[in-house]
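K.L.:
prediction below, plus the sequence it came from.
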Amino acid sequence: MPSSLTLLSVSSLALISPALASSYSLVQTWQGEGFLEYFDFYTGADPTNGFVTYANQSYAESSGLVKVNNNGSFYMGVDHTTKLSTAGPGRESVRIESKKYYDHGLFIIDLAHMPGSICGTWPAFWSTGANWPADGEIDIIEAVNMNTAGEIVLHTSGTCEVSAQSDMTGTLTATQCGEDAGTTGCVVKGSEGSSGTPFNEQGGGVYAMEWQEDYIKFWYFARNAIPSSITDGTPDISAFGSPMGHLQGSCNFAEHFKSQKFIFDTTFCGDWAGGVFLSSGCPISDKTSATKSCVAYVAENPSAFEESFWEINYIKIFQTGGSTASASASASVSTSSVGHVSSATAAAQTVSAASEATSVASAAGATTSTAAATNAAATNAAATTVVPAAAAESASESETTSTVATVGVVSVAGETSDSVSKSTRYVTITATNTVCSADQTGAGSLLGGSASSESSASAAGSSPAASSTTVSGASAQANGGSDSTGSTGSTGSTGSTGSTDSTGSTGSTGSTGSTGSTGSTGSTGS
């Protein structure tokens, strides 16, 4: 017979165990005027071959592409007033990437609005590791064209098979996450109304992701069904109910999913939205080409995209240990050539469609590159705005300085210095481990593509094309690109070191010259 002490211990554990699910402590909130302190703006060519021009922070703020609403929510939209040429740069949009990398934990985002179910659009809230696909990718919210049910997708290197768990409400449509099986990834189709226009019509809602060493769970809550523990700021997993997605199985999650940074973007057409445009019930202008029809629609119908915006109420970050997220990201890797891979890319994209999308993107990229070179020479450097530190949750000062010369673009003070904060209502992110610094990867590219810190060469309010970096022929997986070149040494100073890409070697350091010699160019990655 067990002793009374043993019974007491077992009883105590029974009482304590459920509480472990709600033992997270808030360590960071992305919200309101401080929202953009935690993000860098990506201004390179779209790795998914989209018909898009990503704006830098100065331009995005002055043109209203990003702003804080009166209610404190953060708005991030696209240009919806300008008619475009199909041969020119794509529609203006915004892509932002978190400065820090996050590890296992609970991640919650409350959205008042996401881009609607609109032909030609491809919005996503997702994460990726520093080295793609080896460190994994998690697509939390993603849809294209007129889709009204979101898709959750995991991508890894090698082989990573998952199985549908009995408690999930979504439908597992592909079980192999690894690239050895193609680029589809393992896919969970969410419930109807979890994405796009229906999501917005019900006042938005909440997505939650619990990422642990051996599984990843996802919940979607409509506005009228958000658990009180989330509303109260003390999330209790045990009271969340059945997840929409619960991915587990023979896959070694600890091996395939490393620290992740979070990304918001809205692109147009590209490999997925463009590839399935003909079968999505969207207007057809060229029956022989899905991508050309998509680009024509996006270029000629600006008013169609008025509802293509994110309105974020909040993002919060919790950790079980209560330690704060303090590791800062280096601005030298504030932009990446990593592009999320759609779940439908492999099925929807034929060889001809792929080359067609690439040629459209390349044409737009070439025009953008020319505009960038012309405008950069004609504009003054953007004024730097210093963001006051928010109590206990502000980005560290070390996050705001760095300059990297980028191939094909004159680079001055990195855009991360020009970090005017904007607001958000909230997104909640709960991590169980201390956040990893983005500079763990060095200054090189994250996926064999060109590493490019965002240029501030354009003045506030100038065209985003003036600061865009074009990566010629960038694919959904991004091809190997050149290292950025060493900076020219000023009188008597040392040239800066060439950055390291994911496979290329580090450029040699420029020598100290009496008149300032130029640092040698870093070697090209394979």
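P.N.:
Noted; the coordinates are in hand. Note that this is a predicted model, so its numbers are computed, not measured.

K.L.:
Asn313 - how many residues pack around it?
P.N.:
Asn313 has 23 neighbours, counted by other C-beta atoms under 10 Å. All C-beta spots, glycine's among them, are computed from the backbone N, C-alpha and C.

K.L.:
same check, this time on Ala254
P.N.:
For Ala254, the tally of surrounding residues (other C-beta under 10 Å) stands at 11.

K.L.:
what residues are up against it?
P.N.:
For Ala254, the contact set (C-beta atoms under 8 Å, 6 or more residues apart in numbering) comprises 213-214.

K.L.:
so which strand or helix has it?
P.N.:
Element membership for Ala254, per DSSP states H and E: helix 253-256.

K.L.:
I'd like the next helix or strand past that helix.
P.N.:
The helix or strand immediately downstream of helix 253-256 is strand 261-268, counting by DSSP H and E.

K.L.:
which helix or strand lies directly C-terminal to that next one?
P.N.:
Trace forward from strand 261-268 with DSSP H and E and the next one is helix 290-300.

K.L.:
give me the distance between Phe39 and Ile312.
P.N.:
Relative to Ile312, Phe39 is positioned 11 Å away (C-beta to C-beta, to the nearest Å).

K.L.:
need the residues touching each of the two.
P.N.:
Common neighbours of Phe39 and Ile312 (criterion: C-beta under 8 Å, 6+ apart): none identified.

K.L.:
buried sites along the helix holding Ala254?
P.N.:
253, 256 (16 or more other C-beta atoms under 10 Å).

K.L.:
let's see it as CSV, backbone CA atoms only.
P.N.:
Extracted in CSV, the C-alpha atoms of helix 253-256 (Å, rounded to 0.1, in the frame of the first residue of the first chain):
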residue,chain,number,x,y,z
PHE,A,253,11.2,18.3,-34.9
ALA,A,254,14.2,19.3,-32.8
GLU,A,255,16.5,18.6,-35.7
HIS,A,256,14.4,20.2,-38.5
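
K.L.:
now that helix: mean pLDDT?
P.N.:
In this model, helix 253-256 has an average pLDDT of 96.

K.L.:
for Ser58, helix, strand, or coil?
P.N.:
In three-state terms, and counting by DSSP: H, G, I helix; E, B strand; the rest coil, Ser58 is helix.

K.L.:
Asn200 - nearest residue in space that isn't next to it in sequence?
P.N.:
Leaving aside its sequence neighbours, Asn200 sits nearest to His113 (C-beta to C-beta, 6 or more residues apart in numbering; 5.0 Å).

K.L.:
quick one: contacts for the one you found?
P.N.:
200, 204, 307, 309-311.

K.L.:
tell me the one of the residues you listed nearest Pro47?
P.N.:
Trp310 (19.5 Å; C-beta to C-beta).

K.L.:
the closest one touches Tyr75, doesn't it?
P.N.:
Yes. In this structure, Trp310 is within contact of Tyr75 by C-beta atoms under 8 Å, at 7.3 Å.

K.L.:
residue ranges of the helices in the protein, please?
P.N.:
Ranges of helices within the chain are 4-20, 57-63, 196-201, 228-231, 253-256, 290-300, 345-348, 351-378, based on DSSP state H.

K.L.:
could you list the domains of this protein?
P.N.:
Taking automatic domain parsing as the domain assignment, the record places the domains of the chain at 22-467, 483-526.

K.L.:
pick out the shakiest of these, pLDDT-wise.
P.N.:
Among the domains of the chain, domain 483-526 has the lowest mean pLDDT, at a mean of 40.

K.L.:
can you count the residues close to Ala55?
P.N.:
29.

K.L.:
that one and Val144: what is the separation?
P.N.:
According to C-beta to C-beta, Ala55 stands 21 Å off from Val144.

K.L.:
and what of Ala273?
P.N.:
In terms of C-beta to C-beta, Ala273 sits 4 Å off from Val144.

K.L.:
next, show the common contact partners of these two.
P.N.:
Counting by C-beta under 8 Å, 6+ apart, the shared contacts of Ala273 and Val144 are 121-122.

K.L.:
ok, and the closest non-adjacent residue to Gly77?
P.N.:
The spatially closest residue to Gly77, leaving aside those adjacent along the chain, is Phe309, at 3.4 Å (C-beta to C-beta, 6+ apart).

K.L.:
these two touch, right, that neighbour and Tyr75?
P.N.:
Yes. Using C-beta under 8 Å, Phe309 is in contact with Tyr75, at 6.0 Å.

K.L.:
compare these two (neighbour count), which wins?
P.N.:
Ranked by neighbour count (other C-beta under 10 Å), Phe309 and Tyr75 place Phe309 first, with 22 against 19.

K.L.:
ok, now which ones touch that one?
P.N.:
Applying C-beta under 8 Å, 6+ apart, the residues contacting Phe309 are 75-78, 113, 115, 266.

K.L.:
mind checking which of the residues you listed are in strands?
P.N.:
Among those, the members found in strands (DSSP state E) are 75-76, 113, 266.

K.L.:
so what's the spatially closest residue to Pro243 that is not a sequence neighbour bridging to?
P.N.:
Excluding its sequence neighbours, the residue lying closest to Pro243 (C-beta to C-beta, 6+ apart) is Lys217, at 4.3 Å. Beta-bridge pairing of Lys217 under DSSP bridges involves Glu210, His246.

K.L.:
how close does Lys217 sit to Phe125?
P.N.:
From Lys217 to Phe125 the distance is 16 Å (C-beta to C-beta).

K.L.:
ok, now Gly50?
P.N.:
Taking C-beta to C-beta, one finds Gly50 at 16 Å from Phe125.

K.L.:
those two: who's more crowded?
P.N.:
Taking neighbours as other C-beta under 10 Å, Gly50 and Phe125 compare with Gly50 leading, 34 against 23.

K.L.:
surely that one meets Trp122?
P.N.:
Yes. The criterion here is C-beta under 8 Å, and Gly50 meets it with Trp122 at 6.7 Å.

K.L.:
so what sits against both of the two?
P.N.:
Common neighbours of Gly50 and Trp122 (C-beta under 8 Å, 6+ apart) are 267-270, 273.

K.L.:
of those, closest to Gln165?
P.N.:
Closest approach between the shared contacts of Gly50 and Trp122 and Gln165, by C-beta to C-beta: Ala273, at 30.0 Å.

K.L.:
Throw the ones in strands among the contacts of Phe309 into a markdown table and include distance to Asn69, thanks.
P.N.:
Formatted as a markdown table, the ones in strands among the contacts of Phe309 follow (distance: C-beta to C-beta, whole Å):
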| residue | distance to Asn69 |
| --- | --- |
| Tyr75 | 6 |
| Met76 | 11 |
| His113 | 10 |
| Thr266 | 17 |
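
K.L.:
among those, which one lies nearest to Gly158?
P.N.:
Thr266 (30.7 Å).

K.L.:
so that closest one sits against Pro123, correct?
P.N.:
Yes. Counting by C-beta under 8 Å, Thr266 does reach Pro123; the two are 4.4 Å apart.
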